[in-house]
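Trainee: structure for the following, please:
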Amino acid sequence: MASNKKGITQKQIPVKKNLKSPQGGAGVNFSREKYFIPAVIFLLCLLLYGNTLWDYYTLDDEIVTFKNEFIIKGFSALKDIFAQGSLYGWNKATYVQQYRPLTLFSFMAEVSMFGLNPHISHLFNILLFAGTVVLLYFFLQRILKNYNQAIIIAATLLFAFHPIHTEDIASIKSRDEILALLFGLTSFYYIMLYQDKKKNSYYFFSLIVFFASLFCKESALTFVAIIPLLLYFFTSLDMKKIASQSLPYIGLAVIYLFIRSRVLQSMTFESQIGIMDNSLMAAKNGADRMATSFVFLGKYIYMTIIPYPLSYDYSYNQIPIVSWGNIKAILSLLVTVALIAFMIWGVRKKSIYSFLIALFFITIFISSNLVVKIASSFAERFLYVPSLSVCIALPILAAKALRLNPLQLTWKNKNKFYIPMACLLIICTVIVIPRNAQWKNNFTLFSSGVVVSLNSARAHRFLEFQYADSAANSKDSAKKLEYYSLAIRETKRAIEINMGADWLYDLGGYYKAEGHGDSAINIYKRVLQLQPNYSVVSNSLGVIYFNEAKYDSAVKYFTMSYNADPNSLEALQNIGASYLFEKNYPQVFHYDSLVLKKDPNNKPTLSNLAVLCNNIGMEYFNTNQLDKALEEFSLSLKYDSNSLYAIGNIGAIYRKMGNIEMARRYYQKGLSKAPQNEIFIKNLQSLNGSH
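Mentor: Purely as a prediction, here's the structure:
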């Protein structure tokens, strides 16, 4: 028996030969490729996305960086990022419900250590992505342990080079996608290691990082369904053990949802979503909404295979609402049904294709808008995780198409596989690097967006805002007019796609800034036809007429603005200012008094009243009614204690009355407020000379 035991022990030694085999499954981690291949993959990721290091903040990056008060405060706000929604530090009034505290924590730590620096943020995105790709390589080593090593490397590189991921890496804000998959893959990897090593620590660590992935982005909830699929397709566990090992993950998901429900006011917010957030809201009925959702799903499938051209925006009306009579909707439905049927057919055989199809549909489910409507109709970043399925399937299918057995550990004619895969990676590189450059800043991003998303109203609006900002900040009058002209062009295009009162109002503002008052007036009147109670627009019309000295028309529109918004102090002030220029003093007092009732310290109104009293005082002064003039000038000084006119005029009255001492006192008071004022100096010199 002893010799048998010894013999058994000796028979275990040759297993190490398999560990050195490039195809040795989980044991491959002990081979020389353990460091070399992952290092090469990591380096390729750095090179591929390295040009994003020179990019700045773009699009929604401000939400998690310089406009998020929790991030700016640093670790002192650590409690807040867990106790509030993730957008609360950016906009307390937003209806969007998100809870991604660990993602915010990564930005908080980064900013606390390195300050607000977009280049550092881009560096971390690249490093996190590269780490995810390396982890994917090790994960595929486990689940594809019976496949040729070239399949595993090709699948890993395809994920790294897939152009659909440019938004996730180049957009700082999309770090939530990267972190969610990084933690999710770690969980997948360690539960598979647990099956091989039977170390409880691996299982507990898998649970911990899975829980962490949930706090990075809500879409990680779909990973709950991936865990049992991994155990079913890639282990020999029976259904009872699969269920028992999967149950704790479900429990953690429930705990996360409970915490999220305690932090956020509601779990969904579909009723508050507008068509600019999700174009599905423009559907006239549920059937059209569902048909369009399938068009979106079909486009997702298409873009995992042909990721070109790419855009940061696919909102209304880039992908129009369709009915079930639309060929795209029908084809998308047929493709979906066929894939699901094929998936079901292969489940009992534990087909790798069944797993990959399930992986795609499960991870795209939340973002698909098929059941739950989210605040986005379509976005490339939503394909970050689902694209895994295509990246894994493509090398396997390519090998079979080239008559190479994917399950054969060595291929005699390897170049048949390597050459087309290399060509595919080169094509991806040609797409990725220029696409990264488009994310350099908002202007480059928005300019490229209107080329691809020609029918997106939001894309044109975002470019319009860039031109408008450039115009406002330009000191060159010719350039300023050029930028306003470009802003007008983009606004008109956006209005053609989706008419909106706010958009017309902005268009009127650009015409006004250009000096085209008549065009602005026509636009503003058009807005009021659409929305008569648009207080800001009627006030803007009043301002134009006021500047043209058409005070009757100005009063008309200022009054309209006030009636639309009785809390508008600006409208009341403008009415008073208009009457002031018309010298209708009783009306000035009436409207300015209304302002002061609401805001007793309103400086513009107090200043207007000071001018008014000074004007009235001058009329009394010119008719030699000195007592009444003094009363008005004193009242003017009461409204505005710094009014040099009132101070000087009171001095003039006292001088005319013969009260030289009081006149000198007021002239000296004026000189103390304006030491270089020549009038006060001359009057004092005159008084001293006459004295």
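
Trainee: helices of the stretch 151-300 of the chain, start to end?
Mentor: Remark: helices assigned in the stretch 151-300 of the chain by DSSP state H, counting those that start in this stretch are 166-170, 175-197, 200-214, 223-234, 239-263, 286-305.

Trainee: just say which of the ones you listed is most tucked in.
Mentor: Per-stretch averages of neighbours, counted by mean count of other Cβ atoms under 10 Å, single out helix 166-170 among the helices of the stretch 151-300 of the chain, with a mean of 26. For glycine as for every other residue, the C-beta is placed from the backbone atoms N, C-alpha and C.

Trainee: which other helices and strands does that one contact?
Mentor: Here helix 166-170 touches helix 33-49, helix 118-143, helix 175-197, helix 415-438, going by 3 or more Cβ pairs under 8 Å, 6 or more residues apart in numbering; DSSP states H and E.

Trainee: can you list the buried residues in the first one?
Mentor: Pointing back at helix 33-49 there. 33, 37-38, 41-42, 44-45, 48-49 (16 or more other Cβ atoms under 10 Å).

Trainee: and the contacts of it?
Mentor: 22, 28, 125-126, 129-131, 133-134, 137-138, 149, 153, 156-157, 160-161, 166, 169-170, 429, 432-433, 436 (Cβ atoms under 8 Å, 6 or more residues apart in numbering).

Trainee: if you set the cut-off to 6 Å instead, what comes out?
Mentor: Residues outside helix 33-49 that contact it (Cβ atoms under 6 Å, 6 or more residues apart in numbering) are 126, 130, 133-134, 137, 160, 169, 432.

Trainee: now residue 629: how far from residue 653?
Mentor: Separation of residue 629 from residue 653 (Cβ to Cβ, to the nearest Å): 6 Å.

Trainee: swap in residue 332?
Mentor: Going from residue 332 to residue 653 by Cβ to Cβ gives 86 Å.

Trainee: again with residue 220
Mentor: Distance from residue 220 to residue 653, by Cβ to Cβ: 79 Å.

Trainee: ditto for residue 203
Mentor: 94 Å.

Trainee: same thing with residue 642?
Mentor: 19 Å.

Trainee: so the two - more neighbours on which side?
Mentor: residue 653 (22 against 12; other Cβ atoms under 10 Å).

Trainee: and the more buried one, its phi and psi?
Mentor: When read as degrees, to the nearest 10, the backbone of residue 653 gives phi -60, psi -50.

Trainee: from what I see, it and residue 631 are in contact.
Mentor: No. Contact between residue 653 and residue 631 fails when scored by Cβ atoms under 6 Å: they sit 10.0 Å apart.

Trainee: now the helices of the stretch 151-300 of the chain in JSON lines, with mean pLDDT?
Mentor: JSON lines is the format used below for the helices of the stretch 151-300 of the chain (pLDDT from 0 to 100):
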{"stretch": "helix 166-170", "mean pLDDT": "97"}
{"stretch": "helix 175-197", "mean pLDDT": "97"}
{"stretch": "helix 200-214", "mean pLDDT": "98"}
{"stretch": "helix 223-234", "mean pLDDT": "97"}
{"stretch": "helix 239-263", "mean pLDDT": "96"}
{"stretch": "helix 286-305", "mean pLDDT": "96"}
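
Trainee: looking at these, which is closest to residue 478?
Mentor: helix 166-170 (33.7 Å; Cβ to Cβ).

Trainee: off-centre distance for the closest one?
Mentor: Chain-centre distance of helix 166-170: 13 Å, with Cα atoms, centre = their mean, to the nearest Å.

Trainee: and stretch 484-494, by the same measure?
Mentor: Averaging C-alpha positions (Cα atoms, centre = their mean) puts stretch 484-494 22 Å from its chain's average.

Trainee: what sits up against that stretch?
Mentor: 457, 460-461, 463-464, 467-468, 471, 503, 506-507, 510, 513-514.

Trainee: I'd like the distance between residue 589 and residue 570.
Mentor: With Cβ to Cβ as the criterion, residue 589 and residue 570 are 18 Å apart.

Trainee: who has more neighbours, those two?
Mentor: More crowded of residue 589 and residue 570, by other Cβ under 10 Å: residue 570, with 18 against 15.

Trainee: nearest residue to that one in space, please, no chain neighbours.
Mentor: residue 539 (6.4 Å; Cβ to Cβ, 6 or more residues apart in numbering).

Trainee: the helix or strand harbouring residue 360 to helix 175-197, inter-axis angle?
Mentor: Using DSSP states H and E, residue 360 maps to helix 352-364. With axes from the mean of the first three to the mean of the last three Cα atoms, to 10 degrees applied, the angle from helix 352-364 to helix 175-197 works out at 140 degrees.

Trainee: quick one: distance of helix 352-364 to the chain centre.
Mentor: The answer for helix 352-364 is 28 Å, by Cα atoms, centre = their mean.

Trainee: elements contacting it?
Mentor: Packing partners of helix 352-364 (3 or more Cβ pairs under 6 Å, 6 or more residues apart in numbering; DSSP states H and E): helix 223-234, helix 327-347, helix 387-401.

Trainee: dump those to TSV, plus distance to residue 636.
Mentor: Below are the helices and strands packed on helix 352-364 laid out as TSV (distance: least, Cβ to Cβ, whole Å):
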stretch	distance to residue 636
helix 223-234	72
helix 327-347	72
helix 387-401	72
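
Trainee: among these, which is nearest residue 373?
Mentor: helix 327-347 (17.4 Å).

Trainee: helices or strands up against the closest one?
Mentor: Using 3+ Cβ pairs under 6 Å, 6+ apart, the elements in contact with helix 327-347 are helix 286-305, helix 352-364.

Trainee: residue 563: which of the ones you listed is closest?
Mentor: Checking the helices and strands packed on helix 327-347 against residue 563 by Cβ to Cβ gives helix 286-305 as the closest, at 39.1 Å.

Trainee: where's the residue nearest to residue 634 when sequence neighbours are not counted, which helix or strand?
Mentor: Counting by Cβ to Cβ, 6+ apart, residue 650 is the residue found nearest to residue 634 once chain neighbours are left out, at 6.7 Å. Secondary structure from DSSP H and E places residue 650 in helix 644-657.

Trainee: what residues does the helix or strand just after that helix touch?
Mentor: For helix 644-657, the following helix or strand on the C-terminal side (DSSP H and E) is helix 660-673. Residues outside helix 660-673 that contact it (Cβ under 6 Å, 6+ apart): 644, 647-648, 650-651, 654-655, 680, 683-684, 687.

Trainee: thanks a lot, see you next time.
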